[in-house]
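Asks: 3D, please:
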Amino acid sequence: MFTSPVRQVLAVRQGLTLGLLVGAASVSAMFAASPLIIPRLMVDLEVPVQAVGVISSVQVGCFALASFLAGRLLTGSRRLLRGVLVGLVAANVLSAVAPTFPLLVATRALAGTTAGIVNWLAWRHAAHHPDSMGAVASIGPATAAVASVVFGWVMSLVGYPGVYLALGLMPLLALLLPHSIDQGKRIGRQVSASRSNRLLLVALGTMTLFGSALFIYAGLYFGADRGAPDWLLAWGLAANAVAGIVGARFSMRSGGLWFLATALSALLMGTADTIWPAMAGMVLWGLFFWFAVPAVLRLLEDYSDRTGERSGDAQAVMAVGRVGGPLLGGALLAAGDLDLLGMVAGAGMTFGAALILGVERYRRRVA
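Replies: Alright, predicted model coming up:
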């Protein structure tokens, strides 16, 4: 379903196989589907807005835990990649047929766990092959650009079970394509004692906490406040992702500066009075965010003792932010103040950007 854009936008590089890229794409598609699925779950399963965010929090919580523990407990291998891809296929198929909300939450826990290990394997591989960093970073927005439109169409035809079945096809395809992983030792508990690296991890978690609080509820936000039709939301998400493809292909020096621009874009999306400025904020968000992320990951590598030692940690803290984000956003939406959600998200993201700018300034001074 998604191999054509992957091939065209992300040329497979030496040491980075198409199967691994499609596996990483299946993880990105899973997260891209959440803003489309959540509003439908509220209707089909009669779940209130305060509770529906739980499914995203559980999914991302398991993803975070798996990302954090994988480098400490597991050894990268082709067998491990195949096993977690099989688990991701099974989790998505089970989600499509789950008859109740609690069972659906359980299947998404399995999906989050297996997806976390797949994602860790991809970023670990990228850390060992720096030329492939842009390709792995780009796979998220490249997938989301297609997934937002395709899933929106599937949702209109067969509802959320069809989206979960589509999600199951991607890791299945990854299993059938050539895939390999560099062998490597476990990271264990011994990592660099760099305090500035710890601040960068806090900043990444802060950015995703407040960013996801707004972004995960984009469907409710646009529909309730501005009356945007479903198709416009789908195309807005796709445009956000296309902008991210462009952003991830550049090598920017300052992650903090571009995260600050991301925060301002989120503030525009969350507080604009009409739909078109808000859509502009959504698109710029995708561009600036993916300018920033690879730059910050390179900062982490610069002060690490071993290549890739913080890859899982970075993905884990960002995932932890996505756990709390839906809960924070849901609480603010339940209070009935959409403008407050936009302002809180923008302020929190600005704080995260300021932390990164501070680390960048400190490292320039001591260099």
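
Asks: give the other helices and strands that the helix or strand residue 204 falls within contacts.
Replies: According to DSSP states H and E, residue 204 maps onto helix 195-215. For helix 195-215, the packing partners by 3 or more C-beta pairs under 8 Å, 6 or more residues apart in numbering; DSSP states H and E come out as helix 255-271, helix 275-302, helix 311-334, helix 338-366. To be clear about C-beta, it is placed using only N, CA and C from the backbone, and glycine gets the same treatment.

Asks: Throw those into CSV and include distance to residue 127 and mean pLDDT, thanks.
Replies: As requested, the helices and strands packed on helix 195-215 are exported to CSV (distance: least, C-beta to C-beta, whole Å; pLDDT from 0 to 100):
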stretch, distance to residue 127, mean pLDDT
helix 255-271, 16, 92
helix 275-302, 7, 88
helix 311-334, 5, 81
helix 338-366, 19, 92
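
Asks: what's the closest of those helices to residue 210?
Replies: helix 338-366 (3.1 Å; C-beta to C-beta).

Asks: report the angle between the closest one and helix 311-334.
Replies: 150 degrees (axes from the mean of the first three to the mean of the last three C-alpha atoms, to 10 degrees).

Asks: what comes up buried for helix 338-366?
Replies: Residues of helix 338-366 classed as buried: 338, 341-346, 348-350, 352-353, 355-357, 359-360 (neighbour count, 16 or more other C-beta atoms under 10 Å).

Asks: for residue 272, what are phi and psi?
Replies: phi -60, psi 150 (degrees, to the nearest 10).

Asks: and the gap between it and residue 333?
Replies: 17 Å (C-beta to C-beta, to the nearest Å).

Asks: ok, these two, which is more surrounded?
Replies: Higher neighbour count among residue 272 and residue 333: residue 333, with 21 against 18, using other C-beta atoms under 10 Å.

Asks: from memory the more buried one sits against residue 342, does it?
Replies: No. Residue 333 lies out of contact with residue 342 (C-beta atoms under 8 Å); the separation is 11.1 Å.

Asks: which residues sit in contact with the spatially closest residue to residue 238 that is not a sequence neighbour?
Replies: Using C-beta to C-beta, 6 or more residues apart in numbering and skipping the chain neighbours, the partner closest in space to residue 238 is residue 148 (4.2 Å). Counting by C-beta atoms under 8 Å, 6 or more residues apart in numbering, residue 148 makes contact with 32, 36, 234-235, 237-238, 240-241.

Asks: flag the least confident of these.
Replies: Across those, no position has a lower pLDDT than residue 234, which has 73.

Asks: show me what the helix or strand hosting residue 80 is packed against.
Replies: Secondary structure from DSSP H and E places residue 80 in helix 78-97. With contacts taken as 3+ C-beta pairs under 8 Å, 6+ apart, helix 78-97 sits against helix 18-44, helix 101-128, helix 160-176.

Asks: the shortest one vs helix 78-97, what angle?
Replies: The reference is to helix 160-176. Taking the same axes, to 10 degrees, one finds helix 160-176 and helix 78-97 inclined to each other by 160 degrees.
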